[in-house]
Every structure is written in C-alpha cells, then in structure tokens.
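A.B. asks: following is a predicted model, sequence given first.
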Amino acid sequence: MDERAAVAINLANWDERATAHAASPDYHLDAFDDAAYLSDVVRFDVPRLGDVRGLRGVHLQCHLGTDTLSLARLGARMSGVDFSAAALEQARALAVRAGADIDYHQADVSRPAAVLDAVGAGGHDLVYTGVGALCWLPDIARWAQLVADLLAPGGRLFVRDAHPALLAADQDRDDGLLVLAAPWFERRDPVVWDAPGTYVASEHQFTHTRTAEWNHGLGEMVTAVLEAGLVLTGLQEHRSVPWKALPQMVWTAEQEWHLPEAVADRMPLTFTLQACKPA
C-alpha cells in the first residue's frame, strides 16, 4: 500500500475515534479536574523521566493531550503535535478546562518538514512520545532524524511504547500461547488491520475500521536514534502494558496489565528508550 494512502486510512480512523475516546471512561478526562491528577502513562514514566520543570517540551502524536497536560503539570512548557484535527480539538478543550498553557499543532510526524515548520527546529529540551505511537510510523529512521532536528543541544528524547515482541504476537489467541504472527521488523508495506471497535470502552459504531501499521524492531529503533546523532542513555524492557493487549492478561497493583505470573518473564510488553543530543 502506498504510504500516503496508509496515512489517509489512519487519519480517518483517528478522526472518527477522537470524540468517542474523549467520552470514554477509560481516558478519565473528568479526573483532570483535580489539578494534581496525572495520566496513568505519565505516572508510570515519572521515575524515569526525572525532573522536567522548566523544560521546553514537545509531545509527538499527542492525541487527546492527556499525557501532554500531565507533563505540563510536572512543570514542562509543552507543545503537542498530532495529525488529527478532531483529536486536537479535544486536547485544546482539555487544556483550557485545566487552565494549562499548551500549544497544539496539526502536523503529520511522517512528514518531518511539516512538524518543524509548526513547532520550530532545535529549540526543545524534551521530545516525548507516549504509548501507542511508533506503530503508525512508516519509517523509524525518518522519525529519529526529526527528533534530532527538534532537540536543542543537550536536549533529550523519552519514549515508552509497545514492545515489538508484543506487536508481533497473535493478540487474538485464547489458548494462552504466545505466538508470533505479525512482522517484527519494519517493512515498506504496512500490515492492514480491520477491527470494528477501539482500545477503550465505547458504544460508538465506527465507520472507519481499517488501520495500516508498521512494527519496528528494537535494534532498528536504537540504530535509527544513533544514526541520527543522538546518544543512547537508557533502554529498559517492561513486563506491563497500559491496555489489555492479550486475552490472558491480568490487572495488577501497578495499575497496568501483565501476563499471568507463570509466564510473566517470557515476553516484554513495553520498553522505555532514552537518548540525548550532544551539547
């Protein structure tokens, strides 16, 4: 499938889901009325993020802006970028309701020039990407160069996302087996999925059900970051994921989903990658 056609399919999918996601109890938008509330994703990230107070940050693929707002509440001066106007409408409304000063920009991260035109090159201390973002990127090396171009000298990249092992796994099996059924490595052509629902609770009947996605091996990600001139400062694999990705998963006290204890060590579910731009 042509890359532009794939991105168009994904945009239609995300545009349609923005309002449904904002209305879903799983996004907890009402909880942000508490000025101390942070998204579950950022709460998990805090021990690894460290102090972000005063940092000029940009959140790529920000969707509804819950993580963007959470980073702002930790003291960063945030901008958000997403390709969906419908999602950004919800993100702006949430920021206004919370009294947060966040700039949101519509741009497609698969088109780096558009992002750089929107938020500027070389002026950011932090580039942040949250869970569920990298699978929408057709070219991880192109993305890594965008990150490098966004960062100021000494600035850093923080990524937590689904592990390529999880994305390559058969997520529909109900026999408890962990089986690789999709590509682990990046390919030119995306894998096209057709699913009627979404990843949060919603009664909405969706019209746009197809998505086009690309997996990226962990080695491909690290290589892309290094070849973009960044220095790797951290790489950690995790046994948990924020959504119930496999039928056998169980909810734990860590407020995330895990594989059952007997098989919890057999496959990483998410990873955190950190890198910095040399000063």
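C.D. replies: Structure received.
A.B. asks: quick check: mean pLDDT of stretch 90-99?
C.D. replies: Mean per-residue pLDDT for stretch 90-99: 98.
A.B. asks: gap between that stretch and the chain center?
C.D. replies: 19 Å (CA atoms, centre = their mean, to the nearest Å).
A.B. asks: okay, now the closest residue to Thr207 other than its chain neighbours: neighbour count?
C.D. replies: Excluding its sequence neighbours, the residue lying closest to Thr207 (CB to CB, 6 or more residues apart in numbering) is Glu16, at 6.4 Å. For glycine as for every other residue, the C-beta is placed from the backbone atoms N, C-alpha and C. The tally of other residues near Glu16 (other CB atoms under 10 Å) stands at 18.
A.B. asks: doesn't Thr209 make contact with Glu16?
C.D. replies: No: at 9.2 Å, Glu16 and Thr209 do not qualify as touching, with contact defined as CB atoms under 8 Å.
A.B. asks: which residue is the nearest non-sequential neighbour of Pro268?
C.D. replies: With CB to CB, 6+ apart, the residue lying closest to Pro268 is Glu237, at 3.7 Å.
A.B. asks: can you give me the strands for the stretch 151-279 of the chain?
C.D. replies: 151-162, 191-194, 210-213, 231-238, 240-241, 250-251, 257-258, 270-276 (DSSP state E, counting those that start in this stretch).
A.B. asks: so which of those strands gets nearest Ala87?
C.D. replies: Nearest to Ala87, of all those, is strand 210-213, at 14.8 Å by CB to CB.
A.B. asks: picking up where we left off before, can you tell me how far the residue nearest to Pro268 is from Phe271?
C.D. replies: Note on Glu237: its distance to Phe271, by CB to CB, to the nearest Å, is 5 Å.
A.B. asks: shared neighbours of these two, anything?
C.D. replies: His163 (CB atoms under 8 Å, 6 or more residues apart in numbering).
A.B. asks: more neighbours: which of the two?
C.D. replies: Neighbour count, other CB under 10 Å: between Glu237 and Phe271, Phe271 has more, with 19 against 14.
A.B. asks: sorry, back to before: quick one: the residue nearest to Pro268 from Leu273, how far?
C.D. replies: 10 Å.
A.B. asks: could you pull out the buried residues of the helix or strand containing His105?
C.D. replies: Element membership of His105, judged by DSSP states H and E, is strand 103-106. Buried residues in strand 103-106, counted by 16 or more other CB atoms under 10 Å: 104-105.
A.B. asks: next SSE after it?
C.D. replies: Next along from strand 103-106, by DSSP H and E: helix 112-119.
A.B. asks: could you list the low-pLDDT ranges of the stretch 151-279 of the chain?
C.D. replies: Residues of the stretch 151-279 of the chain meeting the criterion pLDDT under 70: none.
A.B. asks: again, only this time at 80
C.D. replies: Where the stretch 151-279 of the chain drops to pLDDT under 80, the residues are 201, 203, 254.
A.B. asks: if we can go back for a sec, can I get the helix or strand that contains the residue nearest to Thr207 in CSV, CA atoms only?
C.D. replies: According to DSSP H and E, Glu16 maps onto helix 3-23. Taking Å, rounded to 0.1, in the frame of the first residue of the first chain, the C-alpha atoms of helix 3-23 are listed here in CSV:
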residue,chain,number,x,y,z
GLU,A,3,2.4,5.4,2.3
ARG,A,4,0.1,8.4,1.7
ALA,A,5,-2.9,6.1,1.3
ALA,A,6,-1.9,4.3,4.5
VAL,A,7,-1.7,7.6,6.4
ALA,A,8,-5.1,8.7,5.0
ILE,A,9,-6.7,5.5,6.2
ASN,A,10,-5.2,6.0,9.7
LEU,A,11,-6.3,9.7,9.8
ALA,A,12,-9.9,8.8,9.0
ASN,A,13,-9.7,6.1,11.8
TRP,A,14,-8.3,8.5,14.4
ASP,A,15,-10.6,11.4,13.4
GLU,A,16,-13.6,9.3,14.0
ARG,A,17,-12.4,8.0,17.3
ALA,A,18,-11.4,11.3,18.9
THR,A,19,-14.9,12.2,20.3
ALA,A,20,-15.6,8.6,21.3
HIS,A,21,-12.2,8.4,23.2
ALA,A,22,-12.9,11.7,24.9
ALA,A,23,-16.3,10.4,26.1
